[in-house]
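> could you look at this predicted model? Sequence included:
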Amino acid sequence: MQRRTDEFSAPAHLPAQGWIIAQAAALITLGNVASRLLGLVRETVIAEIFGASGLVSAFRTAALAPTLVYDLLIGGMISGALVPVFSEYADPARRSELRHVAGVVFSLLGLLLALVVLALELAAPLLTWALAGGLPADLLATTTDLTRLILPAILFFGLSGITTGLLYSTQRFLYPAFGAAIFNLGIILTALLFSDRLGIAALSLGVVLGSILQLLIQVPGLRGLRPQFRLSLDPALRRILLLYAPVVLGIVVSQIGIAIDFNLASRTGEQSRAWMQAATHLVQFPLGLVSAAISLAVLPSLAQFASGGEKERFRKTLGTGLRMVLFLILPAALGLLALSIPIIDLLFEHGAFTRQDTQQTALALRWYLIGMPFAAIDLLLIFAFYAHQDTRTPNLVAILSVLVYLLVALGTIQPLGFVGLVIADSCKHAAHSISMLLLAHLRLDALRGQRILTLLAKAGLASLGMALLAWGIASQLSPQLGDGLWNELTLVALAGGAGAGAYLLAVVGLGTEEIDLLWTLLRRRGLAVS
(Lines give C-alpha, C1' and ligand atoms only; values in the text may rest on other atoms or scores of the structure.)
Protein backbone atom coordinates (compact mmCIF):
# COMPACT_ATOMS: atom_id res chain seq x y z
CA MET A 1 0.00 0.00 0.00
CA GLN A 2 1.18 3.51 -0.84
CA ARG A 3 1.38 5.78 2.18
CA ARG A 4 0.18 9.21 1.17
CA THR A 5 2.05 12.32 2.15
CA ASP A 6 -1.12 13.92 3.51
CA GLU A 7 -1.22 11.32 6.28
CA PHE A 8 1.40 13.36 8.10
CA SER A 9 0.07 16.59 9.56
CA ALA A 10 2.07 19.76 9.21
CA PRO A 11 3.99 21.01 12.24
CA ALA A 12 2.18 23.91 13.88
CA HIS A 13 4.90 26.44 13.04
CA LEU A 14 5.02 25.58 9.33
CA PRO A 15 2.56 26.43 6.51
CA ALA A 16 0.45 23.37 5.68
CA GLN A 17 0.88 23.71 1.91
CA GLY A 18 4.64 24.04 2.15
CA TRP A 19 4.79 20.98 4.38
CA ILE A 20 2.75 18.89 1.93
CA ILE A 21 4.95 19.94 -0.97
CA ALA A 22 8.12 19.20 0.99
CA GLN A 23 6.93 15.69 1.87
CA ALA A 24 5.83 14.88 -1.67
CA ALA A 25 9.06 16.22 -3.15
CA ALA A 26 11.08 14.15 -0.69
CA LEU A 27 9.15 11.04 -1.67
CA ILE A 28 9.79 11.59 -5.37
CA THR A 29 13.44 12.39 -4.69
CA LEU A 30 13.98 8.97 -3.11
CA GLY A 31 13.30 7.46 -6.50
CA ASN A 32 15.61 9.90 -8.26
CA VAL A 33 18.62 9.50 -5.99
CA ALA A 34 19.42 5.93 -6.99
CA SER A 35 18.99 6.78 -10.65
CA ARG A 36 21.23 9.84 -10.51
CA LEU A 37 23.94 8.11 -8.51
CA LEU A 38 23.99 5.14 -10.85
CA GLY A 39 23.98 7.58 -13.75
CA LEU A 40 27.19 9.10 -12.41
CA VAL A 41 28.63 5.60 -11.96
CA ARG A 42 27.65 4.85 -15.56
CA GLU A 43 29.47 7.94 -16.81
CA THR A 44 32.50 7.11 -14.66
CA VAL A 45 32.62 3.59 -16.11
CA ILE A 46 32.33 4.92 -19.66
CA ALA A 47 35.11 7.43 -19.00
CA GLU A 48 37.30 4.73 -17.43
CA ILE A 49 36.93 2.32 -20.35
CA PHE A 50 36.55 4.61 -23.37
CA GLY A 51 37.73 8.04 -22.18
CA ALA A 52 36.34 10.99 -24.14
CA SER A 53 37.19 9.58 -27.55
CA GLY A 54 35.40 9.99 -30.83
CA LEU A 55 33.82 6.56 -30.26
CA VAL A 56 32.08 7.94 -27.17
CA SER A 57 30.75 10.82 -29.27
CA ALA A 58 29.47 8.23 -31.76
CA PHE A 59 27.66 6.37 -28.97
CA ARG A 60 26.20 9.60 -27.58
CA THR A 61 24.79 10.39 -31.01
CA ALA A 62 23.37 6.88 -31.44
CA ALA A 63 21.77 7.04 -27.99
CA LEU A 64 20.05 10.27 -28.97
CA ALA A 65 17.77 8.48 -31.45
CA PRO A 66 15.66 6.51 -28.92
CA THR A 67 15.62 9.53 -26.64
CA LEU A 68 14.22 11.74 -29.39
CA VAL A 69 11.49 9.25 -30.29
CA TYR A 70 10.55 8.56 -26.67
CA ASP A 71 10.32 12.25 -25.83
CA LEU A 72 8.19 12.90 -28.90
CA LEU A 73 5.75 9.99 -28.62
CA ILE A 74 5.63 9.03 -24.93
CA GLY A 75 7.56 11.32 -22.57
CA GLY A 76 5.22 14.30 -22.48
CA MET A 77 2.18 12.06 -22.72
CA ILE A 78 2.73 10.56 -19.26
CA SER A 79 1.99 13.68 -17.22
CA GLY A 80 -0.02 15.50 -19.87
CA ALA A 81 -2.49 12.81 -20.93
CA LEU A 82 -1.97 9.27 -19.64
CA VAL A 83 -2.18 10.00 -15.92
CA PRO A 84 -5.26 12.29 -16.20
CA VAL A 85 -7.23 9.79 -18.32
CA PHE A 86 -6.15 6.66 -16.46
CA SER A 87 -6.99 8.39 -13.18
CA GLU A 88 -10.65 8.60 -14.19
CA TYR A 89 -10.78 4.80 -13.96
CA ALA A 90 -8.54 4.43 -10.90
CA ASP A 91 -11.41 3.75 -8.48
CA PRO A 92 -11.46 0.03 -7.56
CA ALA A 93 -15.03 -0.21 -8.84
CA ARG A 94 -13.82 0.73 -12.33
CA ARG A 95 -10.70 -1.43 -12.50
CA SER A 96 -12.08 -3.57 -15.34
CA GLU A 97 -12.54 -0.39 -17.41
CA LEU A 98 -9.01 0.70 -16.52
CA ARG A 99 -7.60 -2.64 -17.67
CA HIS A 100 -9.53 -2.29 -20.93
CA VAL A 101 -8.35 1.28 -21.61
CA ALA A 102 -4.78 0.44 -20.65
CA GLY A 103 -4.84 -2.59 -22.94
CA VAL A 104 -5.95 -0.46 -25.88
CA VAL A 105 -3.20 2.08 -25.22
CA PHE A 106 -0.54 -0.62 -24.84
CA SER A 107 -1.66 -2.41 -28.01
CA LEU A 108 -1.95 0.56 -30.36
CA LEU A 109 1.03 2.55 -29.11
CA GLY A 110 3.12 -0.62 -28.92
CA LEU A 111 2.31 -1.38 -32.56
CA LEU A 112 3.11 2.21 -33.53
CA LEU A 113 6.47 2.08 -31.73
CA ALA A 114 7.37 -1.22 -33.41
CA LEU A 115 6.70 0.35 -36.82
CA VAL A 116 8.80 3.37 -35.87
CA VAL A 117 11.71 1.09 -34.93
CA LEU A 118 11.47 -0.70 -38.28
CA ALA A 119 11.36 2.57 -40.23
CA LEU A 120 14.34 4.03 -38.38
CA GLU A 121 16.38 0.85 -38.87
CA LEU A 122 15.95 1.31 -42.61
CA ALA A 123 16.72 5.04 -42.43
CA ALA A 124 19.63 4.77 -39.96
CA PRO A 125 22.31 6.23 -42.31
CA LEU A 126 20.17 9.29 -43.03
CA LEU A 127 19.34 9.69 -39.35
CA THR A 128 22.97 9.62 -38.22
CA TRP A 129 23.99 12.04 -40.95
CA ALA A 130 21.30 14.47 -39.76
CA LEU A 131 22.54 14.20 -36.18
CA ALA A 132 26.30 14.17 -36.76
CA GLY A 133 27.07 14.92 -40.39
CA GLY A 134 30.27 16.70 -39.44
CA LEU A 135 32.00 13.54 -38.17
CA PRO A 136 34.70 11.81 -40.25
CA ALA A 137 33.39 9.11 -42.59
CA ASP A 138 34.67 6.16 -40.55
CA LEU A 139 33.25 7.54 -37.31
CA LEU A 140 29.94 8.32 -39.02
CA ALA A 141 29.74 4.69 -40.21
CA THR A 142 30.37 3.50 -36.65
CA THR A 143 27.61 5.81 -35.44
CA THR A 144 25.21 4.23 -37.93
CA ASP A 145 26.06 0.73 -36.71
CA LEU A 146 25.59 1.75 -33.07
CA THR A 147 22.28 3.40 -33.93
CA ARG A 148 20.95 0.21 -35.53
CA LEU A 149 21.90 -1.75 -32.42
CA ILE A 150 20.24 0.70 -30.05
CA LEU A 151 16.94 1.38 -31.88
CA PRO A 152 14.94 -1.58 -30.43
CA ALA A 153 15.17 0.17 -27.06
CA ILE A 154 12.51 2.58 -28.37
CA LEU A 155 9.82 -0.10 -28.05
CA PHE A 156 10.75 -1.01 -24.48
CA PHE A 157 11.10 2.65 -23.44
CA GLY A 158 7.60 3.29 -24.77
CA LEU A 159 5.99 0.33 -23.05
CA SER A 160 7.79 1.27 -19.85
CA GLY A 161 6.47 4.84 -20.09
CA ILE A 162 2.88 3.67 -20.52
CA THR A 163 3.32 1.37 -17.53
CA THR A 164 4.63 4.29 -15.50
CA GLY A 165 1.55 6.36 -16.34
CA LEU A 166 -0.72 3.49 -15.35
CA LEU A 167 1.04 2.99 -12.01
CA TYR A 168 1.12 6.71 -11.23
CA SER A 169 -2.62 6.97 -11.84
CA THR A 170 -3.21 4.42 -9.08
CA GLN A 171 -0.58 5.98 -6.78
CA ARG A 172 1.85 3.07 -7.10
CA PHE A 173 5.13 4.96 -7.18
CA LEU A 174 7.68 2.43 -5.95
CA TYR A 175 8.32 0.40 -9.09
CA PRO A 176 8.52 3.25 -11.62
CA ALA A 177 10.66 5.26 -9.19
CA PHE A 178 13.52 2.78 -9.55
CA GLY A 179 13.07 2.08 -13.25
CA ALA A 180 15.69 4.59 -14.36
CA ALA A 181 18.16 3.23 -11.81
CA ILE A 182 17.77 -0.28 -13.22
CA PHE A 183 18.25 1.13 -16.73
CA ASN A 184 21.58 2.66 -15.72
CA LEU A 185 22.58 -0.58 -14.03
CA GLY A 186 22.00 -2.46 -17.28
CA ILE A 187 24.45 -0.19 -19.13
CA ILE A 188 27.03 -0.43 -16.34
CA LEU A 189 26.96 -4.23 -16.24
CA THR A 190 27.10 -4.60 -20.02
CA ALA A 191 30.03 -2.18 -20.28
CA LEU A 192 31.98 -3.95 -17.54
CA LEU A 193 31.29 -7.47 -18.79
CA PHE A 194 31.40 -7.13 -22.57
CA SER A 195 33.44 -4.05 -23.54
CA ASP A 196 36.62 -6.12 -24.00
CA ARG A 197 34.93 -8.31 -26.61
CA LEU A 198 32.41 -5.90 -28.14
CA GLY A 199 34.11 -2.53 -27.76
CA ILE A 200 31.86 0.51 -27.94
CA ALA A 201 28.97 -1.69 -29.16
CA ALA A 202 28.63 -2.95 -25.58
CA LEU A 203 27.18 0.43 -24.62
CA SER A 204 24.48 0.25 -27.30
CA LEU A 205 23.53 -3.25 -26.20
CA GLY A 206 23.54 -1.98 -22.62
CA VAL A 207 20.91 0.61 -23.51
CA VAL A 208 18.68 -2.12 -24.96
CA LEU A 209 19.18 -4.36 -21.92
CA GLY A 210 18.55 -1.43 -19.58
CA SER A 211 15.31 -0.54 -21.36
CA ILE A 212 14.07 -4.13 -21.01
CA LEU A 213 14.93 -4.20 -17.31
CA GLN A 214 13.21 -0.82 -16.82
CA LEU A 215 10.00 -2.36 -18.15
CA LEU A 216 10.30 -5.65 -16.28
CA ILE A 217 10.88 -4.05 -12.87
CA GLN A 218 7.47 -2.37 -13.12
CA VAL A 219 5.53 -5.53 -13.97
CA PRO A 220 5.01 -6.58 -10.30
CA GLY A 221 3.31 -3.23 -9.71
CA LEU A 222 0.58 -4.18 -12.19
CA ARG A 223 -0.98 -6.60 -9.70
CA GLY A 224 -4.72 -6.28 -10.25
CA LEU A 225 -4.15 -3.95 -13.22
CA ARG A 226 -3.06 -6.38 -15.93
CA PRO A 227 -4.12 -4.74 -19.23
CA GLN A 228 -6.55 -6.50 -21.57
CA PHE A 229 -4.61 -6.19 -24.81
CA ARG A 230 -6.72 -5.42 -27.87
CA LEU A 231 -6.70 -3.20 -30.95
CA SER A 232 -9.62 -0.77 -30.96
CA LEU A 233 -10.22 2.97 -31.22
CA ASP A 234 -11.55 3.46 -27.71
CA PRO A 235 -12.91 6.96 -26.88
CA ALA A 236 -10.39 7.18 -24.03
CA LEU A 237 -7.55 6.78 -26.52
CA ARG A 238 -8.90 9.64 -28.61
CA ARG A 239 -9.06 11.83 -25.50
CA ILE A 240 -5.46 10.97 -24.66
CA LEU A 241 -4.35 12.01 -28.14
CA LEU A 242 -6.33 15.26 -28.00
CA LEU A 243 -4.85 16.14 -24.62
CA TYR A 244 -1.37 15.39 -25.87
CA ALA A 245 -1.60 17.22 -29.20
CA PRO A 246 -0.73 20.72 -27.87
CA VAL A 247 2.36 19.35 -26.16
CA VAL A 248 3.78 17.88 -29.38
CA LEU A 249 4.74 21.27 -30.80
CA GLY A 250 6.93 22.11 -27.85
CA ILE A 251 8.58 18.69 -27.91
CA VAL A 252 9.27 18.88 -31.64
CA VAL A 253 10.82 22.33 -31.29
CA SER A 254 12.91 21.18 -28.34
CA GLN A 255 14.17 18.08 -30.15
CA ILE A 256 15.00 20.08 -33.27
CA GLY A 257 17.10 22.30 -31.03
CA ILE A 258 18.88 19.26 -29.56
CA ALA A 259 19.54 17.81 -33.01
CA ILE A 260 20.99 21.13 -34.19
CA ASP A 261 23.15 21.27 -31.08
CA PHE A 262 24.52 17.78 -31.79
CA ASN A 263 25.15 18.63 -35.43
CA LEU A 264 26.94 21.88 -34.62
CA ALA A 265 28.98 20.17 -31.89
CA SER A 266 30.18 17.58 -34.41
CA ARG A 267 31.71 20.47 -36.38
CA THR A 268 33.78 21.72 -33.42
CA GLY A 269 35.90 18.57 -32.99
CA GLU A 270 35.50 14.86 -32.37
CA GLN A 271 35.69 15.20 -28.57
CA SER A 272 33.38 18.19 -28.14
CA ARG A 273 30.22 16.14 -27.74
CA ALA A 274 31.84 13.95 -25.09
CA TRP A 275 33.01 16.99 -23.06
CA MET A 276 29.62 18.67 -23.32
CA GLN A 277 27.76 15.50 -22.36
CA ALA A 278 29.93 14.85 -19.30
CA ALA A 279 29.28 18.41 -18.11
CA THR A 280 25.58 18.07 -18.85
CA HIS A 281 25.30 15.02 -16.61
CA LEU A 282 26.77 16.99 -13.70
CA VAL A 283 24.18 19.73 -14.21
CA GLN A 284 21.30 17.29 -14.63
CA PHE A 285 22.02 15.57 -11.33
CA PRO A 286 20.83 18.42 -9.05
CA LEU A 287 18.16 19.47 -11.57
CA GLY A 288 16.58 16.03 -11.38
CA LEU A 289 16.74 15.86 -7.60
CA VAL A 290 15.44 19.38 -7.02
CA SER A 291 13.50 20.83 -9.95
CA ALA A 292 11.78 17.71 -11.25
CA ALA A 293 10.87 16.42 -7.78
CA ILE A 294 9.42 19.70 -6.53
CA SER A 295 7.60 20.43 -9.80
CA LEU A 296 5.93 17.01 -9.85
CA ALA A 297 5.02 17.40 -6.18
CA VAL A 298 3.42 20.80 -6.78
CA LEU A 299 1.55 20.01 -10.02
CA PRO A 300 -1.48 18.19 -8.52
CA SER A 301 -2.15 21.02 -6.07
CA LEU A 302 -1.75 23.66 -8.78
CA ALA A 303 -4.24 21.86 -11.01
CA GLN A 304 -6.74 21.50 -8.17
CA PHE A 305 -6.55 25.16 -7.17
CA ALA A 306 -6.68 26.39 -10.78
CA SER A 307 -9.78 24.35 -11.62
CA GLY A 308 -11.46 25.49 -8.39
CA GLY A 309 -10.69 29.17 -8.99
CA GLU A 310 -8.69 29.40 -5.75
CA LYS A 311 -6.28 32.06 -6.96
CA GLU A 312 -4.68 32.82 -3.61
CA ARG A 313 -3.93 29.18 -2.83
CA PHE A 314 -2.60 28.72 -6.36
CA ARG A 315 -0.35 31.75 -5.90
CA LYS A 316 0.95 30.58 -2.53
CA THR A 317 1.59 27.05 -3.77
CA LEU A 318 3.51 28.22 -6.83
CA GLY A 319 5.46 30.71 -4.73
CA THR A 320 6.37 28.02 -2.21
CA GLY A 321 7.56 25.73 -4.99
CA LEU A 322 9.68 28.42 -6.65
CA ARG A 323 11.29 29.42 -3.36
CA MET A 324 12.10 25.81 -2.51
CA VAL A 325 13.68 25.26 -5.94
CA LEU A 326 15.83 28.39 -5.65
CA PHE A 327 16.75 27.61 -2.04
CA LEU A 328 18.25 24.27 -3.11
CA ILE A 329 19.49 24.94 -6.64
CA LEU A 330 21.52 28.11 -6.01
CA PRO A 331 24.00 26.46 -3.60
CA ALA A 332 24.18 23.45 -5.92
CA ALA A 333 25.09 25.65 -8.90
CA LEU A 334 27.71 27.71 -7.08
CA GLY A 335 29.07 24.61 -5.37
CA LEU A 336 29.61 22.94 -8.75
CA LEU A 337 31.27 26.12 -9.97
CA ALA A 338 33.67 26.27 -7.02
CA LEU A 339 34.57 22.57 -7.12
CA SER A 340 34.30 21.88 -10.85
CA ILE A 341 37.85 20.55 -11.30
CA PRO A 342 37.93 18.41 -8.11
CA ILE A 343 34.53 16.88 -8.89
CA ILE A 344 35.48 16.01 -12.48
CA ASP A 345 38.81 14.65 -11.21
CA LEU A 346 36.95 12.37 -8.83
CA LEU A 347 34.26 11.15 -11.19
CA PHE A 348 35.91 11.03 -14.60
CA GLU A 349 39.70 11.49 -14.68
CA HIS A 350 40.64 7.83 -14.59
CA GLY A 351 41.85 5.43 -17.25
CA ALA A 352 41.50 6.93 -20.74
CA PHE A 353 40.02 10.23 -19.50
CA THR A 354 42.92 12.70 -19.62
CA ARG A 355 43.75 15.95 -17.83
CA GLN A 356 42.83 17.89 -20.95
CA ASP A 357 39.43 16.17 -20.94
CA THR A 358 38.95 17.33 -17.34
CA GLN A 359 39.84 20.93 -18.17
CA GLN A 360 37.58 21.07 -21.22
CA THR A 361 34.69 19.42 -19.37
CA ALA A 362 35.10 21.93 -16.53
CA LEU A 363 35.04 24.76 -19.06
CA ALA A 364 31.75 23.50 -20.48
CA LEU A 365 30.33 22.97 -16.98
CA ARG A 366 31.04 26.54 -15.87
CA TRP A 367 29.10 27.99 -18.79
CA TYR A 368 26.25 25.49 -18.40
CA LEU A 369 25.89 26.57 -14.76
CA ILE A 370 24.80 30.04 -15.86
CA GLY A 371 21.61 28.54 -17.24
CA MET A 372 21.08 26.04 -14.44
CA PRO A 373 18.94 28.22 -12.09
CA PHE A 374 16.79 29.29 -15.05
CA ALA A 375 16.29 25.67 -16.11
CA ALA A 376 15.42 24.75 -12.52
CA ILE A 377 12.44 27.10 -12.22
CA ASP A 378 11.30 26.63 -15.81
CA LEU A 379 9.53 23.28 -15.35
CA LEU A 380 7.49 24.59 -12.43
CA LEU A 381 6.45 27.63 -14.45
CA ILE A 382 5.40 25.41 -17.35
CA PHE A 383 3.31 23.29 -14.99
CA ALA A 384 1.66 26.46 -13.68
CA PHE A 385 0.27 27.10 -17.17
CA TYR A 386 -0.60 23.44 -17.71
CA ALA A 387 -2.60 23.59 -14.47
CA HIS A 388 -4.67 26.33 -16.11
CA GLN A 389 -5.09 24.05 -19.16
CA ASP A 390 -2.97 26.42 -21.21
CA THR A 391 -0.46 24.33 -23.16
CA ARG A 392 -0.02 26.79 -26.01
CA THR A 393 1.83 29.51 -24.12
CA PRO A 394 4.81 27.43 -22.93
CA ASN A 395 5.21 25.86 -26.36
CA LEU A 396 5.16 29.18 -28.18
CA VAL A 397 7.77 30.45 -25.76
CA ALA A 398 9.80 27.32 -26.55
CA ILE A 399 9.99 28.42 -30.19
CA LEU A 400 11.32 31.80 -29.06
CA SER A 401 13.96 30.17 -26.88
CA VAL A 402 15.21 27.93 -29.71
CA LEU A 403 15.53 31.00 -31.93
CA VAL A 404 17.61 32.63 -29.19
CA TYR A 405 19.80 29.52 -29.10
CA LEU A 406 20.31 29.61 -32.87
CA LEU A 407 21.23 33.29 -32.91
CA VAL A 408 23.78 32.91 -30.11
CA ALA A 409 25.16 29.59 -31.38
CA LEU A 410 25.69 30.75 -34.95
CA GLY A 411 27.25 33.96 -33.70
CA THR A 412 29.70 32.30 -31.31
CA ILE A 413 30.60 28.89 -32.75
CA GLN A 414 33.28 30.27 -35.05
CA PRO A 415 35.31 32.20 -32.44
CA LEU A 416 34.52 30.03 -29.39
CA GLY A 417 33.94 26.52 -30.72
CA PHE A 418 31.92 24.21 -28.47
CA VAL A 419 31.94 26.84 -25.71
CA GLY A 420 29.74 29.01 -27.92
CA LEU A 421 27.17 26.22 -28.06
CA VAL A 422 27.18 25.92 -24.26
CA ILE A 423 26.68 29.67 -23.91
CA ALA A 424 23.83 29.47 -26.40
CA ASP A 425 22.20 26.71 -24.36
CA SER A 426 22.33 28.81 -21.20
CA CYS A 427 20.85 31.77 -23.08
CA LYS A 428 18.04 29.52 -24.30
CA HIS A 429 17.10 28.50 -20.75
CA ALA A 430 17.31 32.09 -19.55
CA ALA A 431 15.08 33.35 -22.38
CA HIS A 432 12.44 30.70 -21.74
CA SER A 433 12.26 31.02 -17.95
CA ILE A 434 12.33 34.83 -17.92
CA SER A 435 9.53 34.90 -20.50
CA MET A 436 7.52 32.41 -18.44
CA LEU A 437 8.09 34.42 -15.27
CA LEU A 438 6.80 37.58 -16.92
CA LEU A 439 3.78 35.79 -18.37
CA ALA A 440 3.01 34.10 -15.05
CA HIS A 441 3.02 37.51 -13.40
CA LEU A 442 1.08 39.37 -16.10
CA ARG A 443 -1.46 36.72 -17.13
CA LEU A 444 -1.86 34.56 -14.05
CA ASP A 445 -1.05 37.13 -11.37
CA ALA A 446 0.81 34.22 -9.79
CA LEU A 447 3.88 35.86 -8.25
CA ARG A 448 2.49 38.81 -6.30
CA GLY A 449 3.47 38.82 -2.64
CA GLN A 450 5.43 35.55 -2.75
CA ARG A 451 8.77 36.97 -1.47
CA ILE A 452 10.73 35.32 -4.28
CA LEU A 453 13.20 38.20 -4.61
CA THR A 454 13.76 38.17 -0.86
CA LEU A 455 14.58 34.46 -0.90
CA LEU A 456 16.74 34.94 -3.99
CA ALA A 457 18.81 37.59 -2.22
CA LYS A 458 19.24 35.54 0.97
CA ALA A 459 20.01 32.25 -0.76
CA GLY A 460 22.25 33.96 -3.30
CA LEU A 461 24.31 35.68 -0.62
CA ALA A 462 24.63 32.49 1.42
CA SER A 463 25.54 30.48 -1.70
CA LEU A 464 28.25 32.96 -2.67
CA GLY A 465 29.85 32.70 0.76
CA MET A 466 29.60 28.91 0.61
CA ALA A 467 31.27 28.79 -2.81
CA LEU A 468 34.16 31.03 -1.74
CA LEU A 469 34.78 28.89 1.34
CA ALA A 470 34.65 25.62 -0.62
CA TRP A 471 36.97 26.98 -3.32
CA GLY A 472 39.43 28.24 -0.72
CA ILE A 473 39.56 24.92 1.12
CA ALA A 474 39.96 22.97 -2.13
CA SER A 475 42.77 25.27 -3.30
CA GLN A 476 44.67 24.76 -0.05
CA LEU A 477 44.14 21.00 0.25
CA SER A 478 44.65 19.97 -3.37
CA PRO A 479 48.48 20.29 -3.43
CA GLN A 480 48.75 18.53 -0.07
CA LEU A 481 46.46 15.58 -0.85
CA GLY A 482 47.64 14.96 -4.41
CA ASP A 483 46.08 12.49 -6.84
CA GLY A 484 44.36 9.18 -6.20
CA LEU A 485 40.72 8.22 -5.82
CA TRP A 486 40.58 8.41 -2.03
CA ASN A 487 42.50 11.68 -1.91
CA GLU A 488 40.14 13.19 -4.49
CA LEU A 489 37.13 11.91 -2.56
CA THR A 490 38.53 13.39 0.66
CA LEU A 491 39.08 16.75 -1.04
CA VAL A 492 35.53 16.96 -2.42
CA ALA A 493 34.01 15.72 0.85
CA LEU A 494 35.89 18.20 3.04
CA ALA A 495 35.46 21.23 0.78
CA GLY A 496 31.87 20.38 -0.13
CA GLY A 497 30.91 19.50 3.43
CA ALA A 498 32.37 22.71 4.81
CA GLY A 499 30.58 24.71 2.13
CA ALA A 500 27.24 22.99 2.80
CA GLY A 501 27.61 23.62 6.52
CA ALA A 502 28.40 27.27 5.89
CA TYR A 503 25.32 27.62 3.67
CA LEU A 504 23.03 26.11 6.29
CA LEU A 505 24.41 28.36 9.01
CA ALA A 506 24.03 31.39 6.74
CA VAL A 507 20.39 30.73 5.82
CA VAL A 508 19.56 30.03 9.47
CA GLY A 509 21.12 33.35 10.39
CA LEU A 510 19.31 35.14 7.59
CA GLY A 511 16.02 33.50 8.57
CA THR A 512 14.30 31.52 5.80
CA GLU A 513 11.11 29.50 5.98
CA GLU A 514 12.61 26.89 3.66
CA ILE A 515 15.31 25.81 6.12
CA ASP A 516 12.58 25.14 8.70
CA LEU A 517 10.77 22.91 6.21
CA LEU A 518 13.95 21.03 5.36
CA TRP A 519 15.03 20.55 8.96
CA THR A 520 11.60 19.37 10.13
CA LEU A 521 11.33 16.96 7.20
CA LEU A 522 14.70 15.41 8.03
CA ARG A 523 13.71 14.93 11.67
CA ARG A 524 10.31 13.42 10.91
CA ARG A 525 10.13 9.67 10.47
CA GLY A 526 7.50 7.61 8.75
CA LEU A 527 7.67 8.80 5.11
CA ALA A 528 7.73 5.43 3.42
CA VAL A 529 6.70 3.55 0.33
CA SER A 530 5.63 -0.05 0.33
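That came through fine.

> so what's the backbone phi/psi at residue 451?
Per-residue torsions, residue 451: phi 60, psi 30 (degrees, to the nearest 10).

> count the neighbours of it for me.
14 (other C-beta atoms under 10 Å). Placement of C-beta: from N, CA and C, glycine included.

> would you mind measuring from it to residue 96?
Separation of residue 451 from residue 96 (C-beta to C-beta, to the nearest Å) stands at 49 Å.

> quick one, what contacts residue 31?
173-174, 176-178, 181 (C-beta atoms under 8 Å, 6 or more residues apart in numbering).

> again, 10 Å this time
Residues in contact with residue 31 (C-beta atoms under 10 Å, 6 or more residues apart in numbering) are 173-181, 293, 529.

> same question for residue 511.
Residue 511 neighbours (C-beta under 10 Å, 6+ apart): residue 458.

> just residue 352 next, same as before
By C-beta under 10 Å, 6+ apart, the neighbours of residue 352 are 46-53, 56.

> make it 6 Å
residue 51 (C-beta atoms under 6 Å, 6 or more residues apart in numbering).

> can you tell me the SS state at it?
coil (DSSP: H, G, I helix; E, B strand; the rest coil).

> packing partners for the helix or strand encompassing residue 244?
According to DSSP states H and E, residue 244 maps onto helix 235-266. Applying 3 or more C-beta pairs under 6 Å, 6 or more residues apart in numbering; DSSP states H and E, one finds that helix 235-266 contacts helix 76-77, helix 83-87, helix 124-132, helix 392-416, helix 418-443.

> the last one - what's its average pLDDT?
For helix 418-443, mean pLDDT is 92.

> rewinding a little: and the helix holding residue 244 with helix 418-443, angle?
140 degrees (axes from the mean of the first three to the mean of the last three C-alpha atoms, to 10 degrees).

> one step back: helices - which of the contacts of residue 31 land there?
Members of these lying in helices (criterion: DSSP state H): 174-177, 179-181, 293.

> by pLDDT, rank those residues and give me the bottom one.
residue 174 (76).

> can you report how many residues neighbour it?
17.

> for residue 299, see how far away it is.
20 Å.

> same deal with residue 41?
30 Å.

> neighbour count winner among these two?
Between residue 41 and residue 299, counted using other C-beta under 10 Å, residue 299 has the larger neighbour count: 22 against 15.

> surely the more buried one meets residue 381?
No: applying C-beta atoms under 6 Å as the test, residue 299 and residue 381 come out as separate, 11.7 Å apart.

> care to break this protein down by domain?
Per the record, the chain has its domains at 54-245, 271-530, by automatic domain parsing.

> with distance to residue 33 as added columns, please give those domains in CSV.
Below are those laid out as CSV (distance: least, C-beta to C-beta, whole Å):
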stretch, distance to residue 33
domain 54-245, 9
domain 271-530, 7
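
> for residue 253, which of the ones you listed is the nearest?
For the domains of the chain, the distance to residue 253 is smallest for domain 271-530, at 4.9 Å, taking C-beta to C-beta.

> who does the helix or strand hosting residue 337 touch, helix- and strand-wise?
If you go by DSSP H and E, residue 337 is part of helix 311-338. The criterion is 3+ C-beta pairs under 6 Å, 6+ apart, and the helices and strands that helix 311-338 contacts are helix 16-50, helix 293-307, helix 355-387, helix 452-481, helix 513-523.

> next helix or strand past it?
Scanning onward from helix 311-338 (DSSP H and E), the first element met is helix 340-347.
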